[in-house]
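Student: Using only what follows, build the 3D model:
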Amino acid sequence: MAEQKIFAGPRIRRVRTRLGLTQATMAEQLGISPSYLNLIERNQRPLTVQLLLKLSSHYEIDLKELQGDQSGQTSEALREVFSDPLLAGEVASDSELLEACDCVPNLVSGLIHLYRSYKESTDKLSTLSHLMSDENKAQIVTQSSLPLDEVRNYLQSRPYYFSALDEAANTLNATLRGTDDIFTSLKNHILEERHISIKVLPVHTMENLSVRYDRHSQRVFLSERLTLEERVIALATEFALLAFNDLLDDYVHEAGFENHESQRLLKIDYAHYFALCLLMPYDVFYTAAARSRYDIGLLSRRFQVRWRDVVRRLTSLQKNDRAGVPFFLIEIDPVGNICTFSPGANFTLPRTGNPCLKLIPPGVNTNHGRVAVESVALHDGPEWLVIAHTEKTRAFGHGDRPRRRTLILGCDLIHAKDIAYGDGFLGLAPKQIGVTCRLCEVANCRDRAFPPVMRPGTQDLTSRSFSDYDFS
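Tutor: Now for the predicted structure:
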């Protein structure tokens, strides 16, 4: 593969201007001629390795800063801005977008931030105007929907690794060792240390609840609907809320939420994180994952947890000295709604619309229990290995409707060699996908739900493609 050349003229010019240097002065300090520096600043010459090292040592420049928008994420975000119907008459070409990202990155970043704030505000106003017209729904909107979005956005903005929770869970796990039945060990520990007993209740007693803590009787009740794996997770989560309340509150305080509902939702998420850490201690799980080449089915059986618990734990292997393969995780319901998203591997969700349907390997939604694997790539962008699996909850009794979720775990394709599911995918051309239909310009796509905003449609009465939307 040819070495990628770095053209960073506008960024070099900004550094020089910020330092108050003339071209002649900077050229002398770098050991090059002023005319050569002039060519570099006009993007007519690339930066050499020697120049990069000199720039780093002379001016303490982070070399990543000079690489610009290598992943294409900034230009893709700017493309999203210009795809808005509000800017329908201002069609920017790809070269103009890239030039803007290179020449005025701070201005582009501010524009993207402003646009996203605008979209978030209009989306909230649209939802509120629709739902708050119904008095019965107004309270639900203000108390539940918006705080949930706030919590999700916060968790997606930072690494999903919390060292203090990991360490506390690891210490507790060490005290529970000695038996393979982690549920019994945890139940006995809670009784001995907290004087709280655990009882599984029948469905008719806990018809709509999975777990409940009764402070007066000092008992935790679990529904018999829960499988053994689900009972362990539910009990460990409740124990975190009881025994590590102060630690959870410290993490919640860091988020800076003023809304009490947002604080409560975030605290529950942290408690669930603690439960995953307790059942899959970091070092033990990290070693097992690496040795098994991230075989999710094997890890699920070894740690006696669900498939969903394993993939969620895999996204949290982000300790500096023992980091695992960077994964992203998407959980999708049967109608395409995104229930959970953990970012990683340079994968970001579009701000408008759902991700490309081609991201989901064919057949995985209709074949419960199957694990489907594919390699996918954006046009001239990142390439990923995606591992998909559909889980169904167990039907409990007549008339019970199981819940189905599709879990998509993905990583950069370069890690395929380290993953059991990646055998045979290195060297193969990945399937091309788009960001989302309104931003995607792949022609003749049968899965397209909307035409691209930045390409005019062509409705030909004499010939038509297999796609519902043709464009020129």
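Student: tell me which residues of stretch 24-42 are tucked away?
Tutor: Of all the residues in stretch 24-42, those buried under the rule 16 or more other CB atoms under 10 Å are M26, A27, L30, I32, L37, I40, E41. Just so you know, the C-beta spots here come from the backbone N, C-alpha and C atoms, and that holds for glycine as well.
Student: Got phi/psi on V376?
Tutor: Geometry field for V376 lists phi and psi as phi -130, psi 160, criterion degrees, to the nearest 10.
Student: doesn't L428 make contact with it?
Tutor: No: using CB atoms under 8 Å, V376 makes no contact with L428, being 11.3 Å away.
Student: Pick out whichever of those two has more residues nearby.
Tutor: Legend: neighbour count by other CB atoms under 10 Å for V376 and L428, higher for V376 (20 against 11).
Student: The more buried one: what's it in contact with?
Tutor: Shown in contact with V376 (CB atoms under 8 Å, 6 or more residues apart in numbering): K358, L359, E383, W384, V386, P430, K431, Q432, I433.
Student: is it fair to say F328 lies in a strand?
Tutor: Yes: using DSSP: H, G, I helix; E, B strand; the rest coil, the assignment for F328 is a strand.
Student: pretty sure it contacts P343?
Tutor: Yes: if you go by CB under 8 Å, F328 and P343 touch, sitting 5.6 Å apart.
Student: end to end, how far does stretch 418-428 reach?
Tutor: 16 Å (CA to CA, to the nearest Å).
Student: what does it contact?
Tutor: By CB under 8 Å, 6+ apart, stretch 418-428 touches 290, 292-295, 325, 371, 373, 375, 385, 387, 411, 413, 415-417.
Student: Show me where the protein has its strands.
Tutor: Taking DSSP state E as the test, the strands found in the chain are 197-201, 211-214, 219-223, 318-319, 322-323, 327-332, 338-342, 371-378, 383-392, 404-412, 431-433.
Student: Quick one: end-to-end distance for stretch 273-293.
Tutor: Using CA to CA, the two ends of stretch 273-293 sit 23 Å apart.
Student: Please work out the average pLDDT along it.
Tutor: Across stretch 273-293, the average pLDDT comes to 96.
Student: Only the buried residues of that stretch, if you could.
Tutor: Quick answer for stretch 273-293 (16+ other CB under 10 Å): 273-282, 285-286, 288-289.
Student: gap between L279 and L378?
Tutor: 35 Å (CB to CB, to the nearest Å).
Student: Correction: the previous question concerned G256.
Tutor: 34 Å.
Student: which of those two has more neighbours?
Tutor: L378 (20 against 9).
Student: For that one, list the residues it contacts.
Tutor: Counting by CB under 8 Å, 6+ apart, L378 makes contact with G72, Q432, I433, G434, V435.
Student: now do L278
Tutor: Per CB under 8 Å, 6+ apart, neighbours of L278: A169, L172, N173, L186, A236, A240.
Student: same question for stretch 350-359, mean pLDDT?
Tutor: 76.
Student: what's the span of it from first residue to last?
Tutor: 13 Å.
Student: next one: it to chain centre, how far?
Tutor: 13 Å (CA atoms, centre = their mean, to the nearest Å).
Student: Let me know whether F396 touches V203 as I believe.
Tutor: Yes: F396 is within contact range of V203, at 6.8 Å (criterion: CB under 8 Å).
Student: Need the overlap of contacts for these two.
Tutor: Looking at what touches both F396 and V203 (by CB under 8 Å, 6+ apart), the common residues are R225.
Student: ok, back up a step: okay if I get the strands of the chain as a markdown table plus distance to S56?
Tutor: Converted to a markdown table, the strands of the chain look like this (distance: least, CB to CB, whole Å):
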| stretch | distance to S56 |
| --- | --- |
| strand 197-201 | 58 |
| strand 211-214 | 54 |
| strand 219-223 | 57 |
| strand 318-319 | 27 |
| strand 322-323 | 25 |
| strand 327-332 | 31 |
| strand 338-342 | 33 |
| strand 371-378 | 30 |
| strand 383-392 | 29 |
| strand 404-412 | 26 |
| strand 431-433 | 36 |
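Student: Alright, calling it a day.
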